[in-house]
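Asks: Mind folding the following:
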Amino acid sequence: MVDNLKHKLIVSCQSWPGTPFYGDPRMMRAMAECALMAGAGGIRANGPDDIREIKKTVPLPMIGIWKAPDKRGVRIITPDFESAEKLADAGADIIAIDATAEARPDEEELRELVGRIRSELKLAVMADISNAEEAVRAERCGADLAATTMAGYTSYTVKTDGPDLDLIETLVRTVHIPIVGEGRFSKPEEVQEAIRNRGAHSVVVGTSITAPWEIAARFVRAI
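Replies: Just a heads-up that it's a prediction; the model follows:
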């Protein structure tokens with residue numbers, strides 16, 4: 001499944017509270033169908049309901065996440081094994097988890113979660129990280145691939161204007177697992193740069209494809 005995503009565009013189909021798409025999985029299925037029509041190689045979606053709906057008509061590899069409160073009450077990506085299990089039941093092919101030190105400071109807990117997903121659910125694990133140290137830790141804990149999803153979104157990393165291409169390049173040289181570029185990709189040239197010149201295995205793009213209100217706002221700001 002991981003190999004099938006090599007040099008492919010993964011479209012993140014997610015909705016946010018207060019937007020017209022929120023709360024209706026059929027909207028996310030329509031968005032995923034558009035991604036399929038465009039030739040995308042995979043989908044990333046949030047929650048069992050959206051994943052189950054998308055899988056009805058979209059036969060692409062599915063990276064499943066579930067943004068939910070952890071035991072501290074902090075909302076993170078796939079907080080526990082139970083949430084991962086529900087994503088698997090809904091049809092996820094790869095389970096993405098927050099693997100930052102901020103969200104999961106205990107390495108043994110991270111290792112246990114990754115191990116259970118791989119051994120009990122028989123699914124690959126994508127570690128969403130924010131820096132090189134977290135990618136090394138994720139690899140050590142058994143993750144199958146790492147994504148730059150959280151770069152710039154932890155208290156100890158800097159949010160770059162666009163995608164953190166330098167981090168991608170550093171990760172490719174630092175760990176042996178595939179690196180997925182994710183976060184603030186807005187131009188096709190950035191995706192091309194990440195894969196062709198920086199060594200990314202694949203790239204996830206969300207807002208710039210699946211959030212039309214944000215896309216429209218860029219044109220409004222230009223005027």
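
Asks: make it CA atoms for all contacts and neighbour counts henceforth
Replies: Fine.

Asks: gap between residue 49 and residue 14?
Replies: Remark: distance between residue 49 and residue 14 (Cα to Cα, to the nearest Å) = 11 Å.

Asks: Run a quick neighbour tally on residue 121.
Replies: 17 (other Cα atoms under 10 Å).

Asks: can you give me phi and psi for it?
Replies: With angles defined as degrees, to the nearest 10, residue 121 sits at phi -100, psi -10.

Asks: Looking at residue 49 and residue 14 now, which is surrounded by more residues?
Replies: It is residue 14, of residue 49 and residue 14, that has more neighbours when counted by other Cα under 10 Å, with 22 against 17.

Asks: From residue 211, how far out is residue 46?
Replies: Taking Cα to Cα, one finds residue 46 at 15 Å from residue 211.

Asks: ok, now residue 31?
Replies: Plainly put, residue 31 is 10 Å away from residue 211 if you go by Cα to Cα.

Asks: Compare those two and say which is more crowded by neighbours.
Replies: Between residue 31 and residue 211, counted using other Cα under 10 Å, the more crowded position is residue 31 (22 against 18).

Asks: how about the helices in this protein?
Replies: 25-38, 48-54, 81-90, 107-120, 132-140, 165-174, 188-192, 207-210, 212-222 (DSSP state H).

Asks: I'd like the distance between residue 180 and residue 157.
Replies: In terms of Cα to Cα, residue 180 sits 18 Å off from residue 157.

Asks: which of those two has more neighbours?
Replies: The neighbour comparison of residue 180 against residue 157 (other Cα under 10 Å) goes to residue 180, with 31 against 12.

Asks: Let me know whether residue 66 touches residue 50 as I believe.
Replies: No. At 10.2 Å, residue 66 does not count as touching residue 50 under the criterion of Cα atoms under 8 Å.

Asks: list residues touching both of those two?
Replies: With contacts taken as Cα atoms under 8 Å, 6 or more residues apart in numbering, residue 66 and residue 50 have no neighbour in common.

Asks: Under the pLDDT cut-off, which ranges of this protein? List them.
Replies: By pLDDT under 70, the chain has no low-scoring segment.

Asks: For the nearest residue to residue 101 once chain neighbours are set aside, give me its contacts.
Replies: The spatially closest residue to residue 101, leaving aside those adjacent along the chain, is residue 134, at 6.7 Å (Cα to Cα, 6 or more residues apart in numbering). By Cα under 8 Å, 6+ apart, the contact set of residue 134 is 99, 100, 101.

Asks: This completes my enquiry, with thanks.
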